[in-house]
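*Asks:* next one to model:
(2 chains)
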Amino acid sequence: MDFIWGLVQILGVHTIIGLSAYVILLTGQVSMAQAGFCAIGAYIAGMLTVLAEWHIIPGMLVGGLAAGALACVVGFPALRVKGLMFTVATLAFGEFVRLFWFNFDYQISRGGFEIGPLGGEGFRQIRFFPENGWSTLEVAIFVWVWVILIMAILWWMDRSRIGAVLRAVGEDELAAQSVGINLTAVKVTAFTIGGFIAGLGGGIYAHYTTHVEHLNFGVLLATFAIAYPILGGLRTVVGTLLAVLFIQGVLVEGLRFLGDLRNILFGAFIVLAMNLRPAGFIDARVTRALGRLFRAERGGA
Amino acid sequence: MIVDFVQNTLDGIFVGSSYSLLAIGFTLIFGVMRRLNLSYGPSIMLGTFAGTLLFVEFEAGLLAVAAATLAGAVLAGVYVERVCFWAIRRGAALASMVSSFAIWMQLEEIVTVVFPDRTYPFPPLADFALEPGPFFVRGDHLVMFACAAAITVLLHLLLYRTRFGLALRAVSRNPAAAAFVGINTGLVLFSAFALASAIGGVAGYLIAAADQQITPFFGLWATFKGLIAMTLGGMGSIPGAIAGGLLLGIIEAHSGWYLGTEYRDLSAYAVLFAFLVFRPGGLFAQRQTLRSQLAARRV
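*Replies:* Have a look, this model is predicted:
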């Protein structure tokens, strides 16, 4: 049973990281920095609960805020460029953050042990959950409360004026600008929100694995983060969740019995999915069909 | 003091010439496709492993290893082109990027299944060194630089003196117009991809021969170096790619020497970020636009 709940936790954290990239993708920008923001959230939340002995919730929030603040600061210069340039710039920034933690040491002595992040060794002993007696089920529920909260907020945002503005920028910058939308403000806001959500995700990640190191936050995680919303489709937040279930649940866990062949098939399945649905699982056609379905039901009742 | 500085710059230029080759391959693909190929480095990595397979299993000679490396890289590159770029319709640039990432994982897995160890030996190319005055120059670095220069010249001739080069430049400038005048754009894209992979294969061979060992991580490394060098020089410009590669090599050599090896990559990323923000067009941005403005006026 613990294995199942462990998987449920992984799915939850990956959904949060995918959603962080989703917000930025809405404005038409591909950010490869999400793994970097995740690392910031993970290390800061971990240091707060381990070294300062905070509760996990304020620790996570501070970690998320730090990542969001950095995203805001970096966003102003980075968003001067767009398209592939922005992707490369965020890739450079993400790797910069990873290498920063690779060179970062801050250890204190407690009870005869040295604890805290130690460069390439990583940050061990992030033991908030076991020390406070949380079971894996409770941790899984905790993770999914966050997932549902974030999804609900993004869902609401999508349907409000904010979502319309974000999508307008993503669809056609010139048109958006000509109706008086401040492009820089919108993009930096989206980037900040994305950084904040990635930071939250990193905070949870650090606590359920109990050990983080810089290698966890490499280009692999960054690419996964943008692959989820792209594969799921940018029409709704549910697409990202579906893509996480598909990639992490079906392709990674479901194909584990194949052993070495897994990654080879993994690649083939993703290429196949992108060939069949270049705009994602839930594209405009699906949302329209769903919309008709619901309207028809309402009309019939 | 000054000797160290010059020596570092020399080292940077020699190592940077291999980055230039990687960046040229990237630029060719990006210039004609306008899409990002994350699998570029991994397909080169597959080529170097094909070369090492011949070396380890059959003790093949230098030429055979080089040929196998090149063939492996081109085959893998063509596979990537068919699956990630040809099969996915134009306009879905994000889908291509995600697909190329998936193929990257595939190529890496194939290599780790066939080669379970972490590192494998690669035959050295030239085991001599020159010592002009107080300086020290490795022979394989000299060969690397010479190859990079030769390929640059050949590529220039190909692009500006042949019909294929003209077609490639036409497709890169405006695919629709190129198709209207009867250019087989699909074939040109395919050939550009194969050409880029071949150049990448040469770069991969030279780098692996200088390091005398290879790991599956080489794919990620090559993608990063090529991407950074291409961006430093300005995307889609061949002279820019060369300058960007040399600049990246020099930055790495100096920061590794003065700040310590752990800051080598860190400073490369910092410079790249600064470049993108303050000079988004790269090194050659201004001149390119000026020249095309002049050309437009002449027309």
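*Asks:* which residues belonging to the longest helix along chain B are considered buried?
*Replies:* Ranked by residue count and defined by DSSP state H, the top helix of chain B is helix B:2-33. Within helix B:2-33, the residues that qualify as buried by neighbour count (16 or more other CB atoms under 10 Å in any protein chain shown) are B:7-33. Any C-beta I mention is one placed from the backbone N, CA and C, and that applies to glycine too.
*Asks:* chain A next: which of those residues are close?
*Replies:* Of the entries in the buried residues of helix B:2-33, those that also sit close to chain A under the rule CB under 8 Å from any CB of the partner chain are B:Phe30.
*Asks:* what about the helix or strand where A:Ala206 lies, near chain B?
*Replies:* For A:Ala206, the host element (DSSP states H and E) is helix A:183-209. No - counting by CB under 8 Å from any CB, chain B has no neighbours in helix A:183-209; the shortest distance is 13.3 Å.
*Asks:* quick one: neighbours of residue 134, just the number.
*Replies:* You didn't pick a chain, so chain A it is. 17 (other CB atoms under 10 Å in any protein chain shown).
*Asks:* my question was about chain B
*Replies:* 10.
*Asks:* summarise which helices and strands the longest helix of chain B is packed against.
*Replies:* Under the contact criterion of 3 or more CB pairs under 8 Å, 6 or more residues apart in numbering or on different chains; DSSP states H and E, the helices and strands touching helix B:2-33 comprise helix B:40-58, strand B:137-138, helix B:139-161, helix B:163-173, helix B:185-211, helix B:218-233, helix B:238-258.
*Asks:* who does the spatially closest residue to A:Glu213 that is not a sequence neighbour bridge with?
*Replies:* Counting by CB to CB, 6 or more residues apart in numbering or on different chains, A:Glu213 lies nearest to A:Gly122, which is 2.8 Å off, once chain neighbours are set aside. Taking DSSP bridges, one obtains A:Leu118 as the residues bridged to A:Gly122.
*Asks:* what's the most buried one of the helices and strands packed on helix B:2-33?
*Replies:* Looking across the helices and strands packed on helix B:2-33 with neighbours counted as mean count of other CB atoms under 10 Å in any protein chain shown, the highest average goes to helix B:218-233: a mean of 26.
*Asks:* A:Ile282 contacts A:Thr240, doesn't it?
*Replies:* No - in this structure, A:Ile282 sits apart from A:Thr240 without contact. The criterion is CB atoms under 8 Å, and the distance is 9.4 Å.
*Asks:* what residues are shared contacts of those two?
*Replies:* When contacts are counted by CB atoms under 8 Å, 6 or more residues apart in numbering or on different chains, the set common to A:Ile282 and A:Thr240 consists of A:Gly232.
*Asks:* more crowded one of those two?
*Replies:* Set A:Ile282 next to A:Thr240 and count neighbours by other CB under 10 Å: A:Thr240 wins out with 32 against 21.
*Asks:* I'd assumed A:Ile17 was in contact with that one.
*Replies:* No - the pair A:Thr240 / A:Ile17 is not scored as a contact, 9.6 Å apart, by CB under 8 Å.
*Asks:* which neighbours do the two share?
*Replies:* Counting by CB under 8 Å, 6+ apart, the residues touching both A:Thr240 and A:Ile17 are A:Tyr228.
*Asks:* any idea how far A:Val212 lies from chain B?
*Replies:* In this structure, A:Val212 lies at 19 Å from chain B, with CB to the nearest CB, to the nearest Å as the measure.
*Asks:* same check on A:Pro229?
*Replies:* In this structure, A:Pro229 lies at 10 Å from chain B, with CB to the nearest CB as the measure.
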